[in-house]
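In: what's the 3D shape of this:
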Amino acid sequence: MFVSKPFLELFAINWSTVDSLRTKVAELQGKNELLERELTAIRVNSDWMRMRVNQLEIERSALLEKAYPGLHIPTPEIARVSNKVREAFDLASMFEDTGDEERMVPTS
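Out: Next up, the predicted model:
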């Protein structure tokens with residue numbers, strides 16, 4: 001079987017191309033590791049800040065209750081919010097057949 005030279009050249013990979021791609025992959029992996037370390041540091045700092053603010057709010061509330069006897073004020077709290085997708089959400093369930101019983105609309 002005859003394969004034309006221009007068609008064959010489409011699949012030819014140059015050594016410099018492979019070398020440049022390896023360099024780019026190594027560079028991106030280094031950036032990824034750096035960003036993961038920075039993210040870890042930011043999470044630690046934000047957790048510390050959240051805990052400190054919550055502690056100060058509790059202290060403020062206790063001092064106000066001590067200064068004004070009988071005054072009970074709610075203490076605000078900063079809670080950590082998870083960005084994870086809820087486990088109860090199932091994407092596959094969107095594509096399941098619900099059956100005729102659920103699709104039928106009663107006519108009255």
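In: use CA for all of it now, contacts and neighbours both
Out: Noted.
In: Three-state assignment for residue 45, please.
Out: Following DSSP: H, G, I helix; E, B strand; the rest coil, the label given to residue 45 is helix.
In: show me where this structure has strands.
Out: For the chain, strands defined by DSSP state E do not occur.
In: so where's the protein uncertain?
Out: 1, 83-94, 96-108 (pLDDT under 70).
In: show me where this structure has helices.
Out: Assigned by DSSP state H, the helices in the chain fall at 5-10, 15-67, 100-103.
In: reformat those as a markdown table; add mean neighbour count and distance to residue 80.
Out: Converted to a markdown table, those look like this (neighbours: other CA atoms under 10 Å; distance: least, CA to CA, whole Å):
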| stretch | mean neighbour count | distance to residue 80 |
| --- | --- | --- |
| helix 5-10 | 8 | 52 |
| helix 15-67 | 13 | 8 |
| helix 100-103 | 8 | 39 |
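In: would a markdown table of the ones you listed with distance to residue 75 be doable?
Out: A markdown table is the format used below for these (distance: least, CA to CA, whole Å):
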| stretch | distance to residue 75 |
| --- | --- |
| helix 5-10 | 68 |
| helix 15-67 | 6 |
| helix 100-103 | 47 |
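In: relative to residue 78, which of those is closest?
Out: helix 15-67 (6.2 Å; CA to CA).
In: how far off centre is the closest one?
Out: 13 Å (CA atoms, centre = their mean, to the nearest Å).
In: so how far is the first residue of stretch 67-76 from its last?
Out: 19 Å (CA to CA, to the nearest Å).
In: who's in contact with it?
Out: For stretch 67-76, the surrounding residues in contact (CA atoms under 8 Å, 6 or more residues apart in numbering) are 54, 57, 58, 61, 64, 65.
In: same check on stretch 42-55?
Out: By CA under 8 Å, 6+ apart, stretch 42-55 touches 76, 77, 78, 79.
In: which of the residues you listed sits closest to residue 8?
Out: Once CA to CA is applied, the member of the contacts of stretch 42-55 that ends up nearest residue 8 is residue 79, at 60.2 Å.
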